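Novice: Got a sequence here, can you build the structure:
(2 chains)
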Amino acid sequence: MHGLQRQIVELLPRLRRLARVLARDLTDADDLVQSTVERALIHQDQWRPGTRLDSWMFRIMKNAWIDESRSRTRRGKVFAPEEQGDNIGLDGAAAMEARLAASDVEKAMARLPDEQRLAVALVLVEGLSYKQAAEVLEVPQGTLTSRLVRGRMALLAELDGDAA
Amino acid sequence: MTSPKDDRLAMIIAHVDGELQPADRTRFEAEMAADPALAAQVARHRALAQRVNGAYAPVLDEGVPPQLLAVAAAANDRGRPAAGRLIPWAAVAASLVVGVVAGRMALPDAGPLVSRDGALVARGQLASALSTGLASQPGVVKVGLTLKTADRRYCRTFQSAPDKLAGLACRQDGRWVARTVTTWTPSAQSAYRTAGSDTPPEVLAAVDSLGGQPLDAVAERAARDKGWR
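Specialist: Have a look, this model is predicted:
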């Protein structure tokens, strides 16, 4: 019990790194880490000691991110007209600041579809094997490799300026 | 998605990612040696992999926000108390790759900060320095900037040499609640300096995002004498 919490604390930097690939800005990223940790603690009896905690928590983060994206889309549809009036200036400025600070790589990553970005993040950023990454994403390994190929070709096209 | 071209690309990236079986790898490397165009493609993908990895590497060195540490550690408040194994704060700090610390973890009541109701509260020497110290005073636990926020709350930066920590704490319900904590190693001269000159950038960033008015020495002393109310 206590051992798990300590391991989660030690994983926080890597959870933040993965969240930074997924979320639009720093606040969203840390919110995502927080909901991931909360879910992990609620479901801690489902974690099997001896298995990889990072893979387990990355899967929780992926699911939390998908849920969050869905509810954001829903909220966006329902509340957009009203919210826009209040927040558009602030969001615009924050987004611009974030874009200025982001590296070319981060900008190119942000333009990938979610599923390709996740595949690239798990393998290239987190260094998971194809087997582990496919398990985190809950897809067959062939699906993972095809996402990796497409994602990386898009990144090369964006960063090197061609599609070779 | 299984055109020969895609299969070729899948092979290239599998090679870059170290995912080819030994026999396939040997064959692929032989092909690369005979085909400069293929070798060039591999090199581009390898460079991309390194570039993507490098772009996010700095996140590991950032300070983990205390609220995240508190969330991760908070479950201890509900569960049974940690097994009484005391670990010095500096050791905990060192065990985290990032070098940022907090949460109660294995420290039921040791250390400069404890987790209470999801907040990281200063205690002991750190709490008394925050309550009574002035920026002009030297000491092993030093206070740097003092600010008053828009909601009329006092916040102070601190640097604690014995704990190797620096941070920003705000007065809340009669306690000092940490907003940012990071590891900090005093420089050789810092014992003779006032805090502030070597405040870590994470702490300065937290001060910036807080907004508020910095207090001068007179206002700082007056606020202290009124008990930060």
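Novice: Pull up the gap between the spatially most central residue of chain B and chain A, please.
Specialist: In chain B, the residue lying closest to the centroid (CA atoms, centre = their mean) is residue B:63, at 1.5 Å. Distance, residue B:63 to chain A, by CB to the nearest CB, to the nearest Å: 10 Å. No exception for glycine: its C-beta is placed from N, CA and C like everyone else's.
Novice: Let's test this: what are the backbone torsions at that residue?
Specialist: Reported as degrees, to the nearest 10, the phi and psi values for residue B:63 are phi -70, psi 140.
Novice: Need the per-residue pLDDT for it.
Specialist: On pLDDT, residue B:63 comes in at 79.
Novice: Show me how chain B divides into domains.
Specialist: B:4-59, B:62-225 (automatic domain parsing).
Novice: For stretch A:21-36, give the mean pLDDT please.
Specialist: Mean pLDDT, stretch A:21-36: 89.
Novice: Show me where chain B dips below the pLDDT cut-off.
Specialist: B:1-2, B:73-111, B:115-119, B:187-197 (pLDDT under 70).
Novice: Find the closest residue to chain A in it.
Specialist: residue B:55 (3.7 Å; CB to the nearest CB).
Novice: Excluding chain neighbours, what is closest to that residue?
Specialist: residue A:105 (3.7 Å; CB to CB, 6 or more residues apart in numbering or on different chains).
Novice: got a list of what that neighbour touches?
Specialist: Residue A:105 sits next to A:155, A:159, B:51-52, B:54-55 when contact means CB atoms under 8 Å, 6 or more residues apart in numbering or on different chains.
Novice: downstream neighbour of the helix or strand where residue B:156 lies in the secondary structure list?
Specialist: Here residue B:156 sits within strand B:154-160, counting by DSSP states H and E. As assigned by DSSP H and E, the chain's next helix or strand after strand B:154-160 is strand B:165-172.
Novice: Can you give the distance from that next one to the centre of its chain?
Specialist: 14 Å (CA atoms, centre = their mean, to the nearest Å).
Novice: Could you tell me the angle between it and strand B:154-160?
Specialist: If you take axes from the mean of the first three to the mean of the last three CA atoms, to 10 degrees, strand B:165-172 sits at 160 degrees to strand B:154-160.
Novice: Check which helices and strands the following helix or strand past strand B:165-172 is in contact with.
Specialist: Of the helices and strands lying after strand B:165-172 in sequence (DSSP H and E), the nearest is strand B:175-183. Strand B:175-183 sits against helix B:66-78, strand B:113-116, strand B:119-122, helix B:124-132, strand B:165-172, helix B:201-210, with contacts defined as 3 or more CB pairs under 8 Å, 6 or more residues apart in numbering or on different chains; DSSP states H and E.
Novice: Looking at the ones you listed, which one is packed in the most?
Specialist: strand B:165-172 (a mean of 24; mean count of other CB atoms under 10 Å in any protein chain shown).
Novice: what's the distance between stretch B:114-132 and the middle of its chain?
Specialist: 18 Å.
Novice: Ranking helices and strands of chain A by mean pLDDT, which lands last?
Specialist: The helix or strand of chain A with the lowest confidence, counting by mean pLDDT, DSSP states H and E, is helix A:53-101 at a mean of 64.
Novice: On the C-terminal side of it, identify the next helix or strand.
Specialist: Heading C-terminal from helix A:53-101, the first helix or strand you meet, by DSSP H and E, is helix A:104-110.
Novice: Show me what the mean pLDDT comes to for that next one.
Specialist: pLDDT averaged over helix A:104-110 gives 91.
Novice: Go through the very next helix or strand once past it and flag the buried ones.
Specialist: Moving toward the C-terminus from helix A:104-110, the first helix or strand encountered (DSSP H and E) is helix A:114-120. Using 16 or more other CB atoms under 10 Å in any protein chain shown as the test for burial, helix A:114-120 gives A:115-120.
Novice: same for chain B: which of the residues you listed are within range?
Specialist: residue A:120 (CB under 8 Å from any CB of the partner chain).
Novice: Any chance of JSON lines for the buried residues of helix A:114-120, columns pLDDT?
Specialist: Converted to JSON lines, the buried residues of helix A:114-120 look like this (pLDDT from 0 to 100):
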{"residue": "A:115", "pLDDT": "93"}
{"residue": "A:116", "pLDDT": "96"}
{"residue": "A:117", "pLDDT": "95"}
{"residue": "A:118", "pLDDT": "96"}
{"residue": "A:119", "pLDDT": "97"}
{"residue": "A:120", "pLDDT": "97"}
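Novice: Would you reformat the buried residues of helix A:114-120 as CSV and include distance to residue A:53?
Specialist: Listed next are the buried residues of helix A:114-120 as CSV, based on distance: CB to CB, whole Å:
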residue, distance to residue A:53
A:115, 24
A:116, 25
A:117, 23
A:118, 19
A:119, 21
A:120, 22
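Novice: Nearest to chain B among the buried residues of helix A:114-120?
Specialist: Nearest to chain B among those: residue A:120, at 6.7 Å, using CB to the nearest CB.
Novice: quick revisit: could I get the helices and strands packed on strand B:175-183 as CSV with distance to residue A:124?
Specialist: Supplementary listing: those in CSV, determined by distance: least, CB to CB, whole Å:
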stretch, distance to residue A:124
helix B:66-78, 24
strand B:113-116, 35
strand B:119-122, 34
helix B:124-132, 41
strand B:165-172, 33
helix B:201-210, 27
